[in-house]
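*Asks:* Make a model of this:
(one chain, ligands or ions: 1)
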Amino acid sequence: MSDTTLPTLPSPHDGERRVWLMAATAAGGVAAVATAVPFVSTFAPSERAKALGAAVTVDIGDIPPGGMKTVEWRGKPVWILRRTPAMLEGLSKHDADLADPRSAKDDLPEALRNPGRSVKPEVFVAIGICTHLGCAPNEVPAGSANPSVGADWPGGFFCPCHGSTFDLAGRVFKNKPAPTNLEIPPHRYLSDTQLLIGEADAA
Ligand code: FES
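*Replies:* The predicted model follows:
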């Protein structure tokens, strides 16, 4: 028995249907692109986010000996203290009272592995956030009448939340709640008076 099925002839409307399908597919593509653009843009860092993560240049030429400047980097306070010769000399006198005088627990680059925990001895840079629960310590100078520190207080920082104390290199004293020394942000010198917080020198 022969197959009597006849081949389907193109309908006069097939051409129109093909045009419509092509248009619909193209429109779908445009819609997909249109919806993809804002979707992708939500993953791109905003200008504000980029600004928050960016390195910060600080003029340190106006910090007098013994003075301190605080700047913001990544939403955190960063202290820059210009230590005096007397402050530097005092750093070597209380190692026995410190929890980690050699910064053994700190993740520090080689340039900061010294008693002052600094690139330049006189300029100390640290994040001003207590390593216990994140309060803001206060600077308490040597000879202060602050009753929260002892009479032999060498000068440093006192956290009012739970009483942790840090010396002028940000090293935590023993038997205090803070588990580690103050964190030091990456930084490098652009000149004698310009410091860049947020980028370190290449190792
Ligand atoms: S947050 Fe500083 S001692 Fe607790």
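*Asks:* pLDDT weak spots in this structure?
*Replies:* 1-45, 49-51, 203 (pLDDT under 70).
*Asks:* So which residues of it form strands?
*Replies:* Listed in chain order, the strands of the chain (DSSP state E) span 56-59, 68-73, 76-82, 123-127, 138-140, 156-158, 165-167, 187-189, 194-197.
*Asks:* show me what contacts the residue nearest the centre of the chain?
*Replies:* Nearest to the geometric centre of the chain sits R74, at 4.9 Å (CA atoms, centre = their mean). Applying CB atoms under 8 Å, 6 or more residues apart in numbering to R74 gives the contacts L52, G53, G198. (C-beta placed from N, C-alpha, C; glycine too.)
*Asks:* Are any of those residues buried, and if so which?
*Replies:* For the contacts of R74, a burial check counting by 16 or more other CB atoms under 10 Å picks out G198.
*Asks:* and the strands of the chain as TSV, adding mean neighbour count?
*Replies:* Converted to TSV, these look like this (neighbours: other CB atoms under 10 Å):
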stretch	mean neighbour count
strand 56-59	16
strand 68-73	15
strand 76-82	19
strand 123-127	21
strand 138-140	15
strand 156-158	23
strand 165-167	26
strand 187-189	18
strand 194-197	19
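*Asks:* These into a markdown table, with extra columns for distance to S148?
*Replies:* A markdown table is the format used below for these (distance: least, CB to CB, whole Å):
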| stretch | distance to S148 |
| --- | --- |
| strand 56-59 | 30 |
| strand 68-73 | 19 |
| strand 76-82 | 19 |
| strand 123-127 | 20 |
| strand 138-140 | 8 |
| strand 156-158 | 6 |
| strand 165-167 | 8 |
| strand 187-189 | 30 |
| strand 194-197 | 29 |
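*Asks:* Any idea what the closest residue to D62 other than its chain neighbours is bridged to?
*Replies:* Spatial nearest neighbour of D62, chain neighbours left out: K69 (7.8 Å); criterion: CB to CB, 6 or more residues apart in numbering. On the basis of DSSP bridges, K69 is bridged to I80.
*Asks:* wouldn't K69 be in contact with V58 here?
*Replies:* Yes: taking contacts as CB atoms under 8 Å, K69 lies within contact range of V58: 7.0 Å.
*Asks:* who touches both of those two?
*Replies:* Listed as contacting both K69 and V58 by CB under 8 Å, 6+ apart are I80.
*Asks:* So the chain: which segments form each domain?
*Replies:* 13-44, 50-197 (automatic domain parsing).
*Asks:* Of these, which is nearest the ligand?
*Replies:* Nearest of those to the ligand, taken as CB to the nearest ligand atom: domain 50-197 at 3.1 Å.
*Asks:* rewinding a little: any idea which of the domains of the chain is most buried?
*Replies:* Comparing the domains of the chain on average neighbours per residue, with mean count of other CB atoms under 10 Å, the densest one is domain 50-197 at a mean of 16.
*Asks:* need the contact list for the closest residue to A169 other than its chain neighbours.
*Replies:* Spatial nearest neighbour of A169, excluding adjacent residues (CB to CB, 6+ apart): R117 at 4.6 Å. By CB under 8 Å, 6+ apart, the residues touching R117 are S103, D106, L108, F124, A126, A169, G170, R171, N181, I184.
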